[in-house]
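Participant: Coordinates only, no sequence provided:
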């Protein structure tokens with residue numbers, strides 16, 4: 001087994017996902033302009049991530065063979 005470091009695109013997705021979650025928790029509204037902006041940034045990054053040459057590898061990073069669960073920790077650059 002080898003250690004795989006997640007690419008920048010995937011790291012960006014995880015950071016934006018966290019920002020969106022924290023923004024939602026602050027305003028508790030999906031229609032607040034700050035939450036909508038965070039959501040749009042995440043959507044845009046996801047669209048770019050799907051074009052990443054490392055998408056297939058990164059998208060499967062952290063999955064366990066059994067149960068198909070994701071790792072809770074994320075590598076941050």
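Facilitator: Looks like it arrived, so ask away. Worth saying up front: this structure is predicted, and the values here are computed from it rather than measured.
Participant: Is there a neighbour count for residue 40? I'd like the number.
Facilitator: The burial count assigned to residue 40 is 11, neighbours taken as other C-beta atoms under 10 Å. C-betas here are computed from N, CA, C, even on glycine.
Participant: backbone phi and psi for it, please?
Facilitator: phi -70, psi -40 (degrees, to the nearest 10).
Participant: Low-confidence stretches in this protein?
Facilitator: Counting by pLDDT under 70, the low-confidence segments of the chain come to 1-6, 62-77.
Participant: biggest helix in the chain by residues?
Facilitator: For the chain, the longest helix by residue count, based on DSSP state H, is helix 8-27.
Participant: List the buried residues of that helix.
Facilitator: Of the residues in helix 8-27, 9, 10, 11, 12, 13, 15, 16, 19, 20, 23, 24 count as buried by neighbour count, 16 or more other C-beta atoms under 10 Å.
Participant: Now the fourth one: closest residue in space, sequence neighbours ignored.
Facilitator: This means residue 12. residue 45 (5.4 Å; C-beta to C-beta, 6 or more residues apart in numbering).
Participant: packing partners for the helix or strand harbouring the one you found?
Facilitator: Using DSSP states H and E, residue 45 sits within helix 33-49. Helix 33-49 is packed against helix 8-27, with contacts defined by 3 or more C-beta pairs under 8 Å, 6 or more residues apart in numbering; DSSP states H and E.
Participant: helices and strands around whichever helix or strand comes after the helix holding residue 45, which ones?
Facilitator: Towards the C-terminus, the helix or strand next in line after helix 33-49, according to DSSP H and E, is helix 55-59. Helices and strands touching helix 55-59, as assessed by 3+ C-beta pairs under 8 Å, 6+ apart, comprise helix 8-27.
Participant: what about residue 56, neighbour count?
Facilitator: Neighbours of residue 56 (other C-beta under 10 Å): 8.
Participant: May I see the buried residues of stretch 27-38?
Facilitator: Here stretch 27-38 shows 35, 38 as buried, counting by 16+ other C-beta under 10 Å.
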